[in-house]
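*Asks:* Here is my input; please provide its structure:
(one chain, ligands or ions: 2)
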Amino acid sequence: MLEIRGLRHDYAGRTVLSVPAWEVAHGDACLVLGPSGSGKTTLLNVIAGLATPTAGSVRVAGEEVTRLPPAQRDAFRARRIGLVLQTLHLIGVVSVRENLRLAQRLAGRQVDDARIDEVLAGLGIAKLAGARAGEISVGEAQRVAVARAVVNRPSLILADEPTSALDDANCAKALALLLEHAAACGATLLVATHDNRIRERFARRLEL
Ligand SMILES: Nc1ncnc2c1ncn2[C@@H]1O[C@H](COP(=O)(O)OP(=O)(O)OP(=O)(O)O)[C@@H](O)[C@H]1O
Ligand SMILES: [Mg+2]
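*Replies:* Ligands and ions are numbered 1, 2, ... in the order given. Got it, this is the predicted structure:
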């Protein structure tokens, strides 16, 4: 599913990320660990095609994302990758449903309200469909962000520090949601974190 070879990323001549070789099989859940500044976010950005690495190869579902032209890269990301970023980036002035419809449109799909209802129900937030995304709680917003990441049935879900700001109870919940929903859509899941509370939940780890 994911195959990395000779990956290096430099900022201003300083190497901040180096991954000689790493592979993740289809459907696996994997933790990316490392202290602050070790390059976790940089790695996820490179895999998502949001940053072009200085050197190396990154294949996602057989596609060399580093070589795709920008427009094709954006289309590939919208169709195949679900992102849960630390700052959730929901659009606060429109409804939860509109946030999910936008994700469908960006992926070049027809709006599919039945799918949206199914995903929201699966996350226990069906009643929030009409709520403005800026007027829901942090825990609810986190669920909406997971809903948006899985609505297009991505083959890869990337989550950057999804739990570090949460208390223990919400940390366990957010993680369970990600693992369950990745499994439900058969997606590979990468979670980047320095949160030691969640280490034990993942059999596979990459230490940066
Ligand atoms: N846009 C940028 N320009 C220059 N340097 C950057 C940029 N983004 C990140 N860096 C540097 O790259 C290194 C890796 O940053 P990155 O954000 O990937 O770390 P991280 O492991 O995600 O850290 P954290 O746990 O704090 O989120 C850091 O030293 C950072 O200062
Ligand atoms: Mg980071």
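
*Asks:* How many neighbouring residues does A141 have?
*Replies:* For A141, the neighbour count with other C-beta atoms under 10 Å is 20. For every residue, glycine as well, the C-beta is placed using N, CA and C.

*Asks:* What helix or strand is it located in?
*Replies:* In this structure, A141 sits in helix 138-150 according to DSSP states H and E.

*Asks:* Run through the neighbouring helices and strands of that helix.
*Replies:* strand 81-84, helix 96-106, helix 113-122, strand 156-160, helix 168-184 (3 or more C-beta pairs under 8 Å, 6 or more residues apart in numbering; DSSP states H and E).

*Asks:* How about the helix or strand bottoming out on mean pLDDT in the chain, which residues are buried there?
*Replies:* When each helix and strand of the chain is scored by mean pLDDT, DSSP states H and E, helix 168-184 comes last, with a mean of 82. Across helix 168-184, burial judged by 16 or more other C-beta atoms under 10 Å covers C171, K173, A174, L175, L177, L178, L179, H181, A182.

*Asks:* The residues you listed: which ones sit near ligand 1?
*Replies:* With C-beta under 6 Å from any ligand atom as the criterion, no member of those is in contact with ligand 1.

*Asks:* Can you name the residues that contact V16?
*Replies:* H9, D10, G37, G39, T42 (C-beta atoms under 8 Å, 6 or more residues apart in numbering).

*Asks:* what residues does this structure put near ligand 2?
*Replies:* Residues of the chain found near ligand 2 (C-beta under 5 Å from the ion) are K40, T41.

*Asks:* separation between the nearest residue to R148 once chain neighbours are set aside and ligand 2?
*Replies:* Excluding its sequence neighbours, the residue lying closest to R148 (C-beta to C-beta, 6 or more residues apart in numbering) is A103, at 4.9 Å. From A103 across to ligand 2, the span is 23 Å (C-beta to the ion, to the nearest Å).

*Asks:* Mind checking the helices and strands packed on helix 138-150 for the one nearest to A145?
*Replies:* strand 81-84 (5.2 Å; C-beta to C-beta).

*Asks:* Pull up the residues of the protein that are close to ligand 1.
*Replies:* Y11, V16, G34, S36, G37, S38, G39, K40, T41, T42, H194.

*Asks:* list the buried ones in the helix holding A141?
*Replies:* For helix 138-150, using 16+ other C-beta under 10 Å, the buried residues are E140, A141, Q142, R143, V144, A145, V146, A147, R148, A149, V150.

*Asks:* tell me the angle of that helix relative to strand 156-160?
*Replies:* Calculated by axes from the mean of the first three to the mean of the last three C-alpha atoms, to 10 degrees, helix 138-150 forms an angle of 150 degrees with strand 156-160.

*Asks:* Identify the residues contacting helix 138-150?
*Replies:* Counting by C-beta under 8 Å, 6+ apart, 82-85, 88-90, 96, 99-100, 103, 116, 119-120, 123-125, 128, 133, 136, 157, 159, 162, 165-166, 170, 173-174, 177-178, 181-182, 184-185, 187 sit against helix 138-150.
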